[in-house]
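> model this:
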Amino acid sequence: MRYAARRLAQAVPVFVVTTFLIYTMVFALPGDPMLALAGDKPVPEQVLAVMRQRYHLDEPLLVQYGHYMLGVFRGDLGETFTGQPVSELLQDRWAVTAQLALTAWVFELVVGIGLGVLAGLRRGGAADTAVLAGTTFVIAVPVFVVGYTAQIVLGLNLGLFPTAGTDDGWPGSYLLPGMVLGSFGLAYVARLTRTSLVENLRADYVRTATAKGMVRRRVVGLHALRNSLIPVVTYLGVDFGNLMAGTGVTGVTFYLPWIGEYVVQTVQPQEGPGVVLGATLRGTVFVAAVL
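Numbering: from 1, shown residues only. Model prediction:
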């Protein structure tokens, strides 16, 4: 309990510093967001003054940040400069991001550990060589190349998966982008599992269990594999945060309405609440996964 409380206490300053830094960067962007919202149309100075006052743009940075944080603690996530609640705009995107990240994470977990165990038990054989070569290839190829290739081959040519959008819901619309997104993590999981398993199979406690007459399956499953998965589970926990925060290229390739898309859209008009909330949500999930 002390350890858990200490880790949670460490997350609080990380959250505050993250939101403040993001808010500061948005505040430091050049230009007037109210003038950018008006475009080329002339706007009376009185109207601009009222809008700046409504969104606290006429106040110092710390005061603006204080208003924002007070609203967050009250459950008010703010609104865009066009009057739309940020929570409504992020609701669907958050669901899409979570489903895509979870699909990719399960793909990494199941297939990655399976390939790693196969390679570790057949070290130096054809299966081991194939896994090492395949994971090296996946790591070396850019994600957008893998994504477009999967769309053309598995989506258009073979018709196995939808190629874009979320019309088919989960799991149909998320399987292909989830496999593309999870392929890189899968490569690391497979290699980490394989290396850890090979190392543990050489350990004294494994040799002792074998010498006592324990069957090979129990030696591997009960002793070697259980200890080998400790670094793998640690990596998977951190990687889930990475998946939630880094679905960018995959989301664009498969035309998915993810959180990062909204953050990018709100940076140019300098809509602070949207940028800060979108980036903070992703950062919070990453911090929680690391904990």
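
> need the contact list for T208.
T208 makes contact with no residue, according to C-beta atoms under 8 Å, 6 or more residues apart in numbering. Where you see a C-beta, it was placed from the backbone N, CA and C, and this is true even at glycine.

> before we move on, what SS does it have?
Recorded secondary structure, T208: helix (DSSP: H, G, I helix; E, B strand; the rest coil).

> now it: how far from D92?
Using C-beta to C-beta, to the nearest Å, one gets 55 Å for the distance from T208 to D92.

> ok, now I230?
Shown here: I230 relative to D92, a distance of 37 Å by C-beta to C-beta.

> before we move on, what about Y55?
24 Å.

> quick one on the thing from earlier: looking at I230 and D92, which is more packed in?
D92 (14 against 11; other C-beta atoms under 10 Å).

> quick check, that one in contact with W258.
No: using C-beta atoms under 8 Å, D92 makes no contact with W258, being 9.8 Å away.

> so, low pLDDT: which residues of the stretch 151-291 of the chain?
Applying pLDDT under 70 to the stretch 151-291 of the chain flags residues 245-249, 260-262, 264-265, 267-273, 282-283, 289-291.

> quick one: T18 is in a helix?
Yes: under three-state DSSP, T18 sits within a helix.

> count the neighbours of it for me.
18.

> do you know the pLDDT at it?
T18 carries a pLDDT value of 80.

> against F240, how distant is it?
Applying C-beta to C-beta to T18 and F240 gives a distance of 18 Å.

> do L21 as well
For L21 relative to F240 (C-beta to C-beta), the value is 23 Å.

> try L186
13 Å.

> go on, F27?
Taking C-beta to C-beta, one finds F27 at 31 Å from F240.

> just G221 next, same as before
G221 is 25 Å from F240, by C-beta to C-beta.

> could you do L256 as well?
For L256 relative to F240 (C-beta to C-beta), the value is 18 Å.

> please identify the buried residues of stretch 147-167?
G147, Y148, A150, Q151, L154, G155, F161, P162, T163, T166 (16 or more other C-beta atoms under 10 Å).

> and of those residues, the nearest to A5?
Distance to A5, by C-beta to C-beta, is smallest for T166 among those, at 39.1 Å.

> distance from stretch 118-134 to the middle of the chain?
Centroid separation for stretch 118-134 versus its chain: 29 Å, with C-alpha atoms, centre = their mean, to the nearest Å.

> give the buried residues for it.
L118, A119, G120, L121, D128, V131, L132, G134.

> where does the fifth one land on pLDDT?
At D128 the predicted local distance difference test score is 89.

> quick one on the thing from earlier: and L186 and F240? Which one has more around it.
Between L186 and F240, counting by other C-beta under 10 Å, L186 is the more crowded of the two (26 against 22).

> hang on, the more buried one packs against V110?
No: the pair L186 / V110 is not scored as a contact, 9.2 Å apart, by C-beta under 8 Å.

> thinking again about what came up before, out of the buried residues of stretch 118-134, which sit inside helices?
Residues of these located in helices (DSSP state H): L118, A119, G120, L121, D128, V131, L132, G134.

> which of these sits closest to M1?
Using C-beta to C-beta, those come closest to M1 at G120, 35.9 Å.

> how about the closest one: what's its closest non-neighbour residue?
L197 (3.4 Å; C-beta to C-beta, 6 or more residues apart in numbering).

> what helix or strand is that neighbour located in?
helix 172-201 (DSSP states H and E).

> distance check, the closest residue to T195 other than its chain neighbours against T135.
Excluding the flanking residues, the one nearest T195 by C-beta to C-beta, 6+ apart is G120, at 7.7 Å. According to C-beta to C-beta, G120 and T135 sit 13 Å apart.

> ok, now E79?
Here E79 is placed at a distance of 46 Å from T135 (C-beta to C-beta).

> neighbour count winner among those two?
Per other C-beta under 10 Å, whichever of E79 and T135 has more neighbours is T135, with 23 against 19.
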